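Visitor: Sequence first, then the predicted structure:
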Amino acid sequence: MQQPVHPIPRNRHKFHAVATIASILGLAAGIISLSGCGDAPPTTNEKPKPHDGVKLTFSCPDAAFAGAIEPMVRSWEARTGAKVALTRDAMTPTDYADLAVISAGQLGEWAEPGHLVALPTKFRGGDHPLQWFGFLTDSADRLAEWGAKTQAIPLTGDGYLVVYRADRFGDQATSLDFVNQFRRPLAPPATWQEFAVIAEFFAKRDKKPSLPPLSTDPARALDFFSRVASSMDRPAFSEKDLDGPKDTERMAFQFAMQTGAPRLKAPGFEAAAEWFAGLHATGGLPVGGSDDPVAALAENRAVLALVSLDQLARFPRENGAVPARFGLASVPGSSRYFVSAKSTHIDVPAPGTNYVPHFSGGRLGVVRARCTTPEVAFDLLAELGGPARSAELISTPGLGAGPTRSAHLTPDHILLWLGYGFDAERSKTLQDALRHYVGQTVKNPTYGLRGPDRAPLTEAGGNAVRKLGTGTKPGDVLTEAISAWNAIDAKAPDKTALIQWRKRAAGLN
C-alpha cells in the first residue's frame, strides 16, 4: 500500500527570523517614503535586448514558406528586440529588402553582380548556435557558395524519390508474368534501365501508358532529364578518386569547365535523351494529358513515377494515412556510365548501381549588400537554418523541404518524416530513400543551372527536352537545346566571365 505523503517539515525558528527581517525592511521602506525619496523613478531589472532598435525588411515570396517561418520570426523578434517586416514580395535589385529567401538556383543571379554580403566567419565557428558543421556538404559548401565565399545559409534542401503502385507490383499474376519474361522478380527499379523495362512491361500488359507525361513546366522537365543524365554521364567518385580541387573537368556537367561550351552532346546526355525517347517509343510515356504524377498514380493512369517531396505531400489519405497501394523507392542510378579516354568516351558497365546525386532545389537565406546591419540579418537566418528550426521546417510536409543536415537523416530523427502520412515501415523507407538521395559519400555530384543566366537557359533547355516525350529524335532535341544555349551564351559580357560563371555554378571557384 502506498504510504501517505507527510508534509515538508518547517523550521519554526527560521520562520520567525524571516518575519522579523521582513518587518524591519518594511519599516525602513516607510521611513524612506516619508522622507521624500518616493519621487525617484522606479527601477527595473529588465536587460536591454541585443538588437533593440534594429529594423529589417525580409522578402519571402514563397507564401507557404512565409507562413511557416512567420511565428519563428516573431519569436526571434521578441527575444532580440529587432523588428521585422516580412513581405511576400519577391526581392528586386532596387527594392529595400535587407534579407530574403531565394531558391538555390537563384544564388548566382544575386551573388555574381555583388548584390549579397558574405556570411561572417563567426557563423561557421564550431561554437556558434548555427552549428555549421552539421550541414550536409553539398548544402553548405557548394550550394551556399559563390566565388569562394559563403553567400547564404541553407534553409531547406530538395528531395526526390520513386513512388510506385505496390498493389500492381504485388499482384501474383503480374509478378509471375514479369518473372517469365525477364527471369527476375518484379521489384522497384534500382537503375533507370530497370525503370524503362518496368514501364514498357506495364504499358504492353495494360495496353496504355504506364507513366505520367513529361512535365509542361520547363524547369521540371529539365530537372528530370538531368537526374537521369547525372548517373550516366560519369562514375560516382569518392574522396580518394578525385585529384583535388584542380580536377575541374570531372565536375563538369551541363557545360565544359575550360571552354564554357554546352556538353549536351556528351555520351551521357545522349544516352539520357535516348532513354526518354525509348519510353515514348515503347508506349510507356504518353503525349499530352495531366502531367501531375500524384493524380496519375492515384487515378491508375501510371504505375510508377519520379516524385518530389512537395508532390509527395499531396498523395490522398484514407483515415489519415496514405493508402498501402503507394510504395516508395529510392531515385535510381544507372547500370552503365561513360568515362573519357584519349579524346573519346568509353561505355562502362557499372559493377553495381552507379548513382550520382543531382541537386537543383531547396531554399537559401541571403543578406543584401545594402543592409546596414548584416550581422543582425544573418542572426535571423541562423535562427531559421539552425538545428531546431530546420527540424520544424523539414517536418512540415506541405513545404516540400528536403534535408539540409545529416541529423535529419539519422534513425533517431524518423519523427521528422511521419507527417507525410505513411506507416512506420514506409516512413523508414522514405528516410532511407532521402539518405540515398543525398549520397554523402559521392564527391562529384551534379547541380542544376544556377548562374546569372539560369532563367533563360532553363526555359530554353526545358522546352527542348519536353519534345523527347513526343517522338522528336533525341539528336534533334539536343541540337535545339545547344543552339538555344549558345545564343544565350553569346550575350555574356565576355568569354572569361562566362567560364567563371560555369565553374562557380558547378561548385568550383
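Guide: Cool, the structure landed.
Visitor: When you work out contacts or count neighbours from here on, use the C-alpha atoms and nothing else.
Guide: Noted.
Visitor: hey, what's residue 308 bridged with?
Guide: residue 160 (DSSP bridges).
Visitor: what's the burial count for it?
Guide: Using other Cα atoms under 10 Å, residue 308 is surrounded by 20 other residues.
Visitor: Please report phi then psi for the closest residue to residue 421 other than its chain neighbours.
Guide: What sits nearest to residue 421 in space, not counting adjacent residues and going by Cα to Cα, 6 or more residues apart in numbering, is residue 321, at 4.7 Å. Main-chain torsions, residue 321, degrees, to the nearest 10: phi -130, psi 150.
Visitor: what's residue 321 in contact with, if anything?
Guide: 421, 422, 423 (Cα atoms under 8 Å, 6 or more residues apart in numbering).
Visitor: Name whatever forms a beta bridge with it.
Guide: Applying DSSP bridges to residue 321, the residues it is bridged with are residue 318.
Visitor: Return the distance of it relative to residue 308.
Guide: 19 Å (Cα to Cα, to the nearest Å).
Visitor: sorry, back to before: may I see the contacts of residue 321 arranged in TSV, with pLDDT as well?
Guide: Output for the contacts of residue 321, formatted as TSV (pLDDT from 0 to 100):
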residue	pLDDT
421	97
422	98
423	97
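Visitor: Can you list the neighbours in contact with stretch 367-385?
Guide: 51, 54, 56, 69, 72-73, 76, 97-100, 114-120, 123, 129-130, 152-156, 365-366, 389-390.
Visitor: and the residue nearest to residue 184 when sequence neighbours are not counted, how many neighbours?
Guide: Spatial nearest neighbour of residue 184, chain neighbours left out: residue 178 (7.5 Å); criterion: Cα to Cα, 6+ apart. By the measure other Cα under 10 Å, the count of residues near residue 178 is 20.
Visitor: quick one: residue 299 and residue 293, what's the gap?
Guide: For residue 299, the distance to residue 293 equals 10 Å [Cα to Cα].
Visitor: out of the two, which sits in the busier spot?
Guide: residue 293 (26 against 10).
Visitor: contacting residues for that one?
Guide: Shown in contact with residue 293 (Cα under 8 Å, 6+ apart): 212, 302, 305, 306, 307, 311.
Visitor: and the residues you listed as CSV, adding neighbour count and pLDDT?
Guide: Output for the contacts of residue 293, formatted as CSV (neighbours: other Cα atoms under 10 Å; pLDDT from 0 to 100):
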residue, neighbour count, pLDDT
212, 26, 97
302, 26, 98
305, 22, 98
306, 21, 98
307, 21, 98
311, 18, 97
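Visitor: what's the farthest-apart pair in those?
Guide: Largest separation among those by Cα to Cα: 302 and 311, giving 14.8 Å.
Visitor: Now for residue 85, which secondary structure element holds it?
Guide: Secondary structure from DSSP states H and E places residue 85 in strand 83-87.
Visitor: That strand - contacts with which helices or strands?
Guide: Contact here means 3 or more Cα pairs under 8 Å, 6 or more residues apart in numbering; DSSP states H and E; on that basis strand 83-87 packs against strand 55-59, helix 63-80.
Visitor: Out of those, which one sits most buried?
Guide: Mean neighbour count (mean count of other Cα atoms under 10 Å) peaks for strand 55-59 among those, with a mean of 22.
Visitor: Return that strand as PDB; C-alpha atoms alone will do.
Guide: In PDB, the C-alpha atoms belonging to strand 55-59 read as follows (Å, rounded to 0.1, in the frame of the first residue of the first chain):
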ATOM      1  CA  LYS A  55      14.600  47.200 -38.300                       C
ATOM      2  CA  LEU A  56      14.700  44.700 -41.100                       C
ATOM      3  CA  THR A  57      12.700  44.100 -44.300                       C
ATOM      4  CA  PHE A  58      12.500  40.400 -45.100                       C
ATOM      5  CA  SER A  59      11.400  39.200 -48.500                       C
END
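Visitor: Let me see the mean pLDDT of it.
Guide: Across strand 55-59, pLDDT averages out at 98.
Visitor: ok, it: who's next to it in the sheet?
Guide: strand 83-87 (parallel), strand 99-103 (parallel).
Visitor: And that strand, how far out from the chain middle?
Guide: 24 Å (Cα atoms, centre = their mean, to the nearest Å).
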